[in-house]
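*Asks:* Sequence first, then the predicted structure:
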Amino acid sequence: MKHTSKARTAAITVALIAAVCSGCGDDDEEPVPPAFVPTTPTSTGTASPGGAATVAARSSKLGRILVDGKGRTLYLFEADKSEKSTCSGACAQAWPPLTTSVKPKTAQGVKPDLIGTSPRDDGSTGVTYNGHPLYYYQGDKKPGDTNGQELDQFGAEWYVLNADGNKVEGKGTGEDGGY
């Protein structure tokens, strides 16, 4: 009986702390979209352990764009002026980088000579394409979504890329889906 009482007290304490902390924050902060949970990458955008990140091209309302191996849209960040990512911390939570632990793979429609890697400040290895670090957007809920297209967040705009590794201009899918 004592163990049950202690467990209940601990659970209530944790719940209260979580409730108090969820109300904390700065009203001036830019809202961060709900957590993005891709099925192949981890929540930080990392490829599966022992697996290589895959970059592919897929037709969309914006034309042929870069996606990961599961069809999730990949973006460039205009603040990145080289292969070195400038997105970390809260930025990397909203825009998880595509990372890999081994040489990334390319699928049909993607130019293998344009794919590369770059070390990130957190010690992981980011995947690049045509010199641009690649990112997911947490606001994309399913393959084909391009809700991050042309958003201005964390000091610069975000764009999907075409198979040549250049930004694509035009409005994203919003809430009505992707492909």
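*Replies:* Cool, got the structure.
*Asks:* Confirm residue 92 sits in a helix?
*Replies:* Yes. Counting by DSSP: H, G, I helix; E, B strand; the rest coil, residue 92 falls inside a helix.
*Asks:* All the strands of this structure, in order from the start?
*Replies:* Counting by DSSP state E, the chain has these strands, from start to end: 54-60, 63-68, 75-77, 105-106, 115-119, 125-129, 132-133, 152-153, 156-160.
*Asks:* got CSV for those strands, with distance to residue 99, mean neighbour count and mean pLDDT too?
*Replies:* (Each C-beta comes from the backbone N, C-alpha and C, glycine too.) Listed next are the strands of the chain as CSV, based on distance: least, Cβ to Cβ, whole Å; neighbours: other Cβ atoms under 10 Å; pLDDT from 0 to 100:
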stretch, distance to residue 99, mean neighbour count, mean pLDDT
strand 54-60, 12, 20, 95
strand 63-68, 11, 22, 96
strand 75-77, 14, 25, 98
strand 105-106, 14, 18, 94
strand 115-119, 9, 17, 97
strand 125-129, 5, 25, 97
strand 132-133, 10, 27, 98
strand 152-153, 20, 14, 98
strand 156-160, 17, 21, 98
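*Asks:* Would you confirm that residue 121 contacts residue 88?
*Replies:* Yes. Taking Cβ atoms under 8 Å as the contact criterion, residue 121 and residue 88 are neighbours in contact, 5.3 Å apart.
*Asks:* circling back: redo the strands of the chain as TSV? Include distance to residue 94.
*Replies:* Shown next, in TSV, are those (distance: least, Cβ to Cβ, whole Å):
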stretch	distance to residue 94
strand 54-60	21
strand 63-68	17
strand 75-77	11
strand 105-106	26
strand 115-119	20
strand 125-129	16
strand 132-133	15
strand 152-153	7
strand 156-160	10
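*Asks:* So what's the residue count around residue 171?
*Replies:* The criterion is other Cβ atoms under 10 Å. On that basis, residue 171 has 10 neighbouring residues.
*Asks:* quick one: it from residue 81, how far?
*Replies:* Relative to residue 81, residue 171 is positioned 25 Å away (criterion: Cβ to Cβ, to the nearest Å).
*Asks:* what residue ranges in this protein score low on pLDDT?
*Replies:* In the prediction, the chain carries residues with pLDDT under 70 at positions 1-51, 173-179.
*Asks:* what about the helices in it?
*Replies:* Along the chain, the segments classed as helices by DSSP state H run 2-22, 90-94.
*Asks:* And residue 100, how close does it get to residue 119?
*Replies:* Per Cβ to Cβ, residue 100 is found 12 Å from residue 119.
*Asks:* where do the contact lists of those two overlap?
*Replies:* Shared between the contact lists of residue 100 and residue 119 (criterion: Cβ atoms under 8 Å, 6 or more residues apart in numbering) are residues residue 125.
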